[in-house]
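A.B. asks: here are the coordinates; sequence isn't available:
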């Protein structure tokens, strides 16, 4: 049997994302479609940044290994 406090916390956690989007859309007067577009652009930008960073770091590490072996 579950505790009533745990059930209340579960209900709040389940309602938080939709409630946050509704509040932000109301306060900033921006439709949800624009929010999705903005977050998608941010996500794609972060993925590109991480991919480039990993490629550069990986090449530097490989070049360090080659220099250390010689």
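C.D. replies: The structure has been received and is ready for your questions. Note that this is a predicted model, so its numbers are computed, not measured.
A.B. asks: When you work out contacts or count neighbours from here on, use the C-alpha atoms and nothing else.
C.D. replies: Fine.
A.B. asks: Which residues does the helix or strand of the chain with the lowest mean pLDDT contact?
C.D. replies: None of the helices or strands of the chain scores lower by mean pLDDT, DSSP states H and E than helix 4-28, at a mean of 76. Under the criterion C-alpha atoms under 8 Å, 6 or more residues apart in numbering, residues 30, 31, 32 lie in contact with helix 4-28.
A.B. asks: burial count for the closest residue to the last one other than its chain neighbours?
C.D. replies: Yep, that's residue 32 we're talking about. Spatial nearest neighbour of residue 32, excluding adjacent residues (C-alpha to C-alpha, 6 or more residues apart in numbering): residue 25 at 6.6 Å. Here the number of neighbours of residue 25 (other C-alpha atoms under 10 Å) works out to 15.
A.B. asks: how close does residue 25 sit to residue 19?
C.D. replies: 10 Å (C-alpha to C-alpha, to the nearest Å).
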